[in-house]
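Asker: Sequence first, then the predicted structure:
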Amino acid sequence: MSRTESLLAVFAALADETRFAIVNRLLDDGELPVGSIAAPFNVTAPAISRHLRVLETAGLVERRIDRQRRLIRVRPEALEVVNSWLLTRGVPGLSALAPAKATPLAIHA
């Protein structure tokens, strides 16, 4: 898959509100079982499976099997394609758009 095709696949996958919410949740919470991902949505299990398949095909998520559980996590390198594209266009990268982390102040006695 070319870089342009990868970028388009990521944007197409994230254009759906449910898929965007799934990726957002995985970014916040880390790796989750499919059941936990599906819980907040008022859709059927097969619909969640289809959404996860689209995200997986776009390279945004990957799944692994741990005994009986199917675990899903975001592939950060898939988001790197967006970051790289922004940088080539002169737009600050994703890390530059994140809020600055507070640094502790030194207290002098």
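Answerer: Cool, the structure landed.
Asker: quick one: the strands in the chain?
Answerer: Ranges of strands within the chain are 32-33, 61-66, 69-74, based on DSSP state E.
Asker: Show me what the shortest one is packed against.
Answerer: It stands for strand 32-33. Using 3 or more Cβ pairs under 8 Å, 6 or more residues apart in numbering; DSSP states H and E, the elements in contact with strand 32-33 are strand 69-74. The C-beta positions use only the backbone N, C-alpha and C, and glycine is treated the same way.
Asker: Within its sheet, name the partner strands of the strand it packs on and how each one runs.
Answerer: Sheet pairing of strand 69-74 (DSSP bridges) gives strand 32-33 (antiparallel), strand 61-66 (antiparallel).
Asker: any idea which of those is most buried?
Answerer: strand 32-33 (a mean of 16; mean count of other Cβ atoms under 10 Å).
Asker: before we move on, back to that, I'd like the strands paired with strand 69-74 as CSV, with distance to E17 and mean pLDDT appended.
Answerer: Putting the strands paired with strand 69-74 into CSV (distance: least, Cβ to Cβ, whole Å; pLDDT from 0 to 100) gives the following:
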stretch, distance to E17, mean pLDDT
strand 32-33, 18, 96
strand 61-66, 16, 93
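Asker: can you pull the contacts of the nearest residue to I65 once chain neighbours are set aside?
Answerer: Spatial nearest neighbour of I65, excluding adjacent residues (Cβ to Cβ, 6 or more residues apart in numbering): L71 at 7.5 Å. By Cβ atoms under 8 Å, 6 or more residues apart in numbering, the contact set of L71 is E31, L32, P33, V34, R63, R64, I65.
Asker: Going by distance to A9, which of those wins?
Answerer: R63 (17.2 Å; Cβ to Cβ).
Asker: For that closest one, name its beta-bridge partners.
Answerer: R63 has these beta-bridge partners by DSSP bridges: I72.
Asker: For S49, see how far away the residue nearest to I48 when sequence neighbours are not counted is.
Answerer: Spatial nearest neighbour of I48, excluding adjacent residues (Cβ to Cβ, 6+ apart): A38 at 4.2 Å. Distance, A38 to S49, by Cβ to Cβ, to the nearest Å: 9 Å.
Asker: and those two? which has more neighbours close in?
Answerer: A38 (19 against 13; other Cβ atoms under 10 Å).
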